[in-house]
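[1] Quick one, structure for this:
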Amino acid sequence: MKNLVYTIIIFIGFYITGCTTPDMPTYKINKTDNIGYIIKTNSHMIHTNIGLTVFSNFEKKYPKLVTKQDIQHLLKQNINAKLINLKSYKYDDLNNLIIQKDNKWVISNKKLYNELIKKYHLKAIIIVTEEDSGIYVYPSFLSTSSSGLLSRSVLGVENYYAISGFYFKLHILQPNGSINIYEDTTHGKIIYASLNDDFQKQSGFIKPADIQHLTKKEQQSIKKTILDLTRHNIKLINKYLVHNH
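    Below you'll find the predicted structure:
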């Protein structure tokens, strides 16, 4: 949801000021090239329930379900390049390394930039952030503040959705540019519907015996779908590793 709001705000800002995002330079990253990455995750999983009225809504935290190690494993399995973990660096420094200013791509920290080029011979950096997310279910967007489970119960009809809150930014180095990867990304998937048991069969989700208190087994039954959603979005990064025009 936060990304959706940011996108709308940025679009309005560009419309008012007449600014545009700088063009991406021509580049190509091969399987033998080095790509750095850094991952920032939340400390917990969230179950958000949306009922008929605000009085039946709630949000509850649970232990972390999809970890940095899980995301790292998905990156290594699905990115067509050599990956280098940049966990020793500060997330904010890397996240804001390439910014746009006066319709140009600008290096915000030249010392860090030069170090990454010289020490690791990087061609790009993948920034992974876990944050607000959700799924559009007509006629509204259902949001939650982290990866996890989102449930909706209205007039006896129950639906459950697995939510991946992992978003990806790609910094391109030499030449410089930055891309927020939103196109074709999917962050929510239905895993249970009281009117159609096919979703539960496909996902392996265990419907909670007590919606207020998920057991460990019930929590774990969500993980596969979250990983599947995240894997799909990571695979999309590969098409952004080439820009020939």
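
[2] what's the single longest helix in this structure?
    Ranked by number of residues, the top helix in the chain under DSSP state H is helix 216-237.

[3] chain center to that one: distance?
    For helix 216-237, the distance from its own C-alpha centre to the chain's C-alpha centre is 11 Å (Cα atoms, centre = their mean, to the nearest Å).

[4] now swap in stretch 210-227 and tell me
    20 Å.

[5] which residues touch it?
    The contact list for stretch 210-227 (Cβ atoms under 8 Å, 6 or more residues apart in numbering) reads 45, 47, 49, 58, 60, 62-63, 65-66, 70, 74, 147-149, 151, 153, 162-164, 189, 191, 203-209. Yep, even glycine has a C-beta here, placed from its N, CA and C like the rest.

[6] Let's see that with 7 Å instead.
    Residues outside stretch 210-227 that contact it (Cβ atoms under 7 Å, 6 or more residues apart in numbering) are 45, 47, 49, 62, 65-66, 70, 74, 147-149, 151, 162, 164, 189, 191, 203-206, 208.

[7] and those, which of them are in strands?
    When DSSP state E defines the strands, the subset of these inside them is 45, 47, 49, 62, 148-149, 151, 162, 189, 191.

[8] Could you list the paired strands of the longest strand anywhere in the chain along with their orientation?
    For the chain, the longest strand by residue count, based on DSSP E, is strand 122-130. In the sheet containing strand 122-130, its partner strands are strand 34-40 (parallel), strand 166-172 (antiparallel), by DSSP bridges.

[9] Tabulate those strands (a markdown table), appending mean pLDDT.
    Rendered in a markdown table, the data for the strands paired with strand 122-130 read as follows (pLDDT from 0 to 100):
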| stretch | mean pLDDT |
| --- | --- |
| strand 34-40 | 98 |
| strand 166-172 | 98 |
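
[10] okay, those strands in JSON lines with distance to N114 and mean neighbour count next?
    Below are the strands paired with strand 122-130 laid out as JSON lines (distance: least, Cβ to Cβ, whole Å; neighbours: other Cβ atoms under 10 Å):
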{"stretch": "strand 34-40", "distance to N114": "14", "mean neighbour count": "21"}
{"stretch": "strand 166-172", "distance to N114": "14", "mean neighbour count": "22"}
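
[11] Redo the ones you listed as CSV? Include distance to L241.
    Shown next, in CSV, are the strands paired with strand 122-130 (distance: least, Cβ to Cβ, whole Å):
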stretch, distance to L241
strand 34-40, 8
strand 166-172, 8
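
[12] Okay, helices next: where are they in the chain?
    Under DSSP H, the chain gives helices at 2-17, 68-78, 91-95, 110-120, 198-203, 216-237.

[13] most neighbours per residue, which of those helices?
    Per-stretch averages of neighbours, counted by mean count of other Cβ atoms under 10 Å, single out helix 216-237 among the helices of the chain, with a mean of 19.

[14] tilt between that helix and strand 34-40?
    When axes from the mean of the first three to the mean of the last three Cα atoms, to 10 degrees is applied, the directions of helix 216-237 and strand 34-40 differ by 150 degrees.
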